[in-house]
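> Kindly return the folded structure for what I paste below:
(one chain, ligands or ions: 1)
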Amino acid sequence: MVLKRAKILVIDDDFDVLTAIRLLLKPLVAEIVVEKNPNNINFQIESKKFDLIILDMNFNGLVNTGNEGIYWLNKIKQFNPNIAVVLMTAYADIDLAVKGLKEGASDFLIKPWKNEKIIHTIKSILKSEKKPKDNFSSNSIPIIGESAVMKDVFIKLKKVGPTDANVLILGENGTGKDLIARALHENSNRKNQPFIKVDVGALTSTLFESELFGYKKGAFTGANEDRKGRFEAANGGTLFLDEIGNISLGQQVRLLTVLQNRQVTPLGSNNPVAIDIRLICATNENPSVLADEKKFRKDLIYRINTLDITIPPLRDRGTDIILLAKYFVNLYEEKYNKSTFEFDADFTKKLKKHNFPGNVRELQYILERAVIMTDGNVLNAEDLVFSSIERTVENNIPETLNLDDLEKNAILTVLEKHNGNISKSAKELGITRAALYRRLEKYEL
Ligand SMILES: Nc1ncnc2c1ncn2[C@@H]1O[C@H](COP(=O)(O)OP(=O)(O)OP(=O)(O)O)[C@@H](O)[C@H]1O
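Predicted coordinates:
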C-alpha cells in the first residue's frame, strides 16, 4: 500500500506528541486519527479499518502492568493480528520494545524521533517490505546466529547502530563483542569515518593518558615528536574502548572528564582539542562488578551506557553452535584448500555437549585445527580437540625444567586463575593479549 492511501491511528497520552504526529502525517496520508486514551482503542479499531497504529509504550497509570504498551499491543493483535503496530519508546525502554517486536509489533521508534524516520518506517511497513535481515556483517565478516538470544542482539544492533548513542557491550571473552562494536559503527552515519579500537584494560597507568590523549614533543622522556591520541584519531568516527571494566578508578576519572567536556588535552599541552566521537565500550566483567561503586564510578557507567547489548555465551545459543561450526569449517576448507567436510553424528554431538569457556573464538580455533589436521572428508569426534583452559592446576605442575614446559604451565595456571579471561591473564603474565594468543596457538591450548 502507498502512504497516501493509508489510514493511521496514533495513541499516546501526551497531547503534544499527538499534535506533532498529526501535523506531520496529515498531508501525507488518507486519514489520521489521534487518540489520547488507550481505553478507547477497541472503539477506534472497531469503527474504522486502520492500516497502521502508532502506539506509545507508556501511559500514565491507566493499566498497572508495568508495561502498558505490551498490554495494549496484545489487545490490538487479539482484535486483528494483521494490523501493523509501531511502538514508540524511550531509550530506557528498548528491552521492552524488543519484547514488543516478539509479540507482533512491526517496528519501534525511539523518542525523540526524527520526522523522516517516522515516515520511512511507516512507508516500509506499508509497502510490506521484507522484514529487515536478522544477520549483520562487520567488515564483511558475517555475524552468524539464529538463536532467539542472538536475534535480540541483532534487533538492538539495527536500532542503535544508526544513532550516536553510547553503547556498552557486555559478554564473556570470545563472544563477539569486537565484531558487534564494528557492526555498530558500520551501521552508523559515521561508517566512512575512523573506527579506532583501544584495549584500555591492557594499558599501564603511564601509557593510558599518552595513548588516549596524545602528547607534545618533550612532554616526557622519549616523547620525541607530537603524537595524536586515540580520541583525536577517532574524531568524527567511533572510539571503541575494550576491557573498560579493568581500568582503575583514577583512569575512570580522567576518562569521565574527557567525555564530559568533549575535549582532550594532550600531555605537555595547554590547548584542549575538541572531539566528536561516538563511544562504544566493552567488557567481559560481570555487570555486578560495574555496579560496585568501589570498583566502578556510577557517573562513568551512566555516561558510557546509554544502552547496553549483552552477548550471550556460546553455550546458551543452542543450534548456533552448529551453524557457526559449519561457517568456520567452510572458511578453513577454502583457506587451506581442503575438500568439503561432512560432520558425523558424534562430531555434532560432542560439539553440542561442550560448554565453550572460550566461546566463539574457542570454536573457531578448534575447527581450524580440525580442518588442518583431518584427512578425508568426514569430521568425527576425535578430530575435536578441546582447549585445556579448563584443566586443573594440579595437572600442570611442571615435571621438567624445560623452558617451553614452564611457559606453557605458567599460562595454564594463570588462565585457570582468571577463568580463561585473556586480558587479565596477559596482564599477569606481563605480555600483550596478541602475544598470549600466539602462545596459546603455539602450545595448542
Ligand atoms: N556470531 C559470530 N559470527 C561469526 N564469527 C564470530 C561471531 N562471534 C564471534 N566471531 C568470531 O570469533 C572471534 C572472537 O570474536 P571477538 O574478538 O569479536 O570476541 P570478543 O568478545 O571481542 O573477545 P574478547 O573479549 O577476548 O576481546 C573473532 O574471530 C570473530 O570474528
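> buried ones in the helix or strand residue 85 falls within?
Using DSSP states H and E, residue 85 sits within strand 84-89. By neighbour count on 16 or more other CB atoms under 10 Å, the buried set for strand 84-89 is 84, 85, 86, 87, 88, 89. In short, each C-beta sits where N, CA and C put it, glycine included.
> That one pairs with which strands, parallel or anti?
Paired strands of strand 84-89, with direction, are strand 52-56 (parallel), strand 107-110 (parallel) (DSSP bridges).
> neighbouring contacts of it?
Strand 84-89 is contacted by residues 12, 17, 51-58, 69, 73, 76-77, 96-97, 100, 104-111, 113, 121-122, 125-126 when judged by CB atoms under 8 Å, 6 or more residues apart in numbering.
> Can you say which of the residues you listed are buried?
Using 16+ other CB under 10 Å, the buried members of the contacts of strand 84-89 are 12, 17, 51-58, 69, 73, 76, 96-97, 100, 105-110, 113, 121-122, 125-126.
> Can you show me the helices along the stretch 101-250 of the chain?
Taking DSSP state H, counting those that start in this stretch to define them, one finds helices in the stretch 101-250 of the chain at 115-126, 148-160, 177-186, 205-213, 230-233, 249-261.
> Over to the stretch 251-400 of the chain?
287-290, 298-304, 320-335, 345-353, 359-373.
> for the chain, where's the lowest mean pLDDT among helices and strands?
When the helices and strands of the chain are scored by mean pLDDT, DSSP states H and E, strand 136-138 comes last with a mean of 62.
> My read is that residue 175 contacts residue 360, right?
Yes: using CB atoms under 8 Å, residue 175 is in contact with residue 360, at 6.3 Å.
> Need the overlap of contacts for those two.
residue 314.
> do you know which of the helices of the stretch 101-250 of the chain lies nearest the ligand?
helix 177-186 (3.3 Å; CB to the nearest ligand atom).
> Give me the helices and strands touching the closest one, please.
Applying 3 or more CB pairs under 8 Å, 6 or more residues apart in numbering; DSSP states H and E, we find helix 177-186 packed against strand 136-138, strand 141-143, helix 148-160, strand 167-170, strand 195-199, strand 238-242, strand 278-283.
> Among the ones you listed, show the one with the smallest mean pLDDT.
Of all the helices and strands packed on helix 177-186, the minimum mean pLDDT falls on strand 136-138 (a mean of 62).
> is it possible to export the helices and strands packed on helix 177-186 to JSON lines including distance to the ligand and mean neighbour count?
Output for the helices and strands packed on helix 177-186, formatted as JSON lines (distance: least, CB to the nearest ligand atom, whole Å; neighbours: other CB atoms under 10 Å):
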{"stretch": "strand 136-138", "distance to the ligand": "8", "mean neighbour count": "19"}
{"stretch": "strand 141-143", "distance to the ligand": "4", "mean neighbour count": "15"}
{"stretch": "helix 148-160", "distance to the ligand": "7", "mean neighbour count": "19"}
{"stretch": "strand 167-170", "distance to the ligand": "8", "mean neighbour count": "24"}
{"stretch": "strand 195-199", "distance to the ligand": "8", "mean neighbour count": "20"}
{"stretch": "strand 238-242", "distance to the ligand": "6", "mean neighbour count": "25"}
{"stretch": "strand 278-283", "distance to the ligand": "6", "mean neighbour count": "25"}
